[in-house]
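> Quick one, fold the following:
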Amino acid sequence: MADWRPAASLEMLRLRAQLLQRTRAFFAERDVLEVETPVLSRAAPSDPAMESFVTRDGGQAPRYLHTSPEFAMKRLLASGTGAIFQLARVFRRGEAGSRHNPEFSLLEWYRPGFDHHQLMAEVDALVRELLAQHLLLGPAQQISYQEAFQRHAQLDPLAASLPQLKAAITAHGIDITGLGDDDRDAWLDLLFSHVVEARLPRDCPVFVYDYPASQAALARLSEENPAVAQRFELFINGMELANGFHELTDAQQQRQRFEHELRIRARRGLSAGPLDQHLLDALQAGLPDCAGVALGFDRLLMLAGGQSAIGSVLAFDHRRA
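Take a look at the predicted model:
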């Protein structure tokens, strides 16, 4: 018989409640409005790396459980809300493991007038506020995606050929079972996760920024180097914690990027739902210049509570739900 009891200890449940309170206080002090948006949507994400849960109500069109509140929050921004945040329950099919649960908590916020570097500073401030009593952190470090590869994998990810990427993966003895032979980004992802990420400093927040443009469908391109997009990720103690963007505001470019992702999904034999026309209409009406970030709240709790498995900080993980 399955165990009916919670997976998380009472201590972890109390810690979650404390961090939620402190998160809301952090944003209240900065006059960032808390919002709620629908969990069900008529549209599905086009990102080839994500799969949605689908629900149907009789003969009605399918509805998709959101993988992020991003699109709805951008519609609010376009309507004039100003800075906003949300503590959302989100759903991603096929994601289960020591750091993944199909249903999890995401803290997402948007700052009109910020670029991705300004938002990195605020993310660092929030993380320090929430982890101060639990984890000793050194000063944050920032490193570009290109420099991180050059320093830790001894190659330039923007210039390296596919044969060079394959040779580097072979040299590190990484398993490439099931990897598409011509998917350059997949080879880069494998090198990043197995080589670069593993060698990032572990005693401080590390922000990796300016990812390849092909890996940031929702971010604007760098004016200095259009080969990269203004995206960042945060890593602490080897844990990927947050993903942020200087947001793309051009509706036509966004539609083209979505359609490109749909073509990738088709090549991989993945299902595809309808694009979010509401989002595209909001971009057309005018999304303010802004930066946004999504932070895995359960992973933050893992760091605060010294836990190595996400199930230890969830009342009921997917095995007990």
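> domains for the protein, by residue range?
Following the assignment in automatic domain parsing, the chain carries domains at 10-140+204-313, 141-202.
> out of the ones you listed, deepest packed?
Sort those by mean neighbour count, taking mean count of other Cβ atoms under 10 Å, and domain 10-140+204-313 sits at the top with a mean of 18. All C-beta spots, glycine's among them, are computed from the backbone N, C-alpha and C.
> Now for the nearest residue to residue 258 once chain neighbours are set aside: which residues touch it?
Computed as Cβ to Cβ, 6 or more residues apart in numbering, the closest residue to residue 258 that is not its neighbour in sequence is residue 46, at 4.7 Å. Under the criterion of Cβ atoms under 8 Å, 6 or more residues apart in numbering, the neighbours of residue 46 are 217, 258, 259, 261, 262, 265, 272, 275.
> And residue 46, how close does it get to residue 79?
Per Cβ to Cβ, to the nearest Å, residue 46 is found 23 Å from residue 79.
> Likewise for residue 135?
38 Å.
> Then residue 136?
42 Å.
> now the residue nearest in space to the middle of the chain, what's its secondary structure?
Nearest residue to the geometric centre of the chain (Cα atoms, centre = their mean): residue 243, 4.0 Å. Of the three states, residue 243 takes strand under DSSP: H, G, I helix; E, B strand; the rest coil.
> in the sheet, who's paired with it?
residue 233, residue 294 (DSSP bridges).
> I'd say it and residue 231 touch.
Yes - contact criterion Cβ atoms under 8 Å: residue 243 and residue 231 qualify, at 7.4 Å.
> Below-threshold pLDDT in the stretch 101-250 of the chain: ranges please.
Along the stretch 101-250 of the chain, the parts satisfying pLDDT under 70 run over 177-181.
> which residues of it fall in helices?
116-131, 145-152, 162-171, 184-191 (DSSP state H, counting those that start in this stretch).
> And the contacts of the third one?
Counting by Cβ under 8 Å, 6+ apart, helix 162-171 makes contact with 153, 154, 155, 160, 176, 182, 184, 187, 188, 190, 191, 195, all of which sit outside it.
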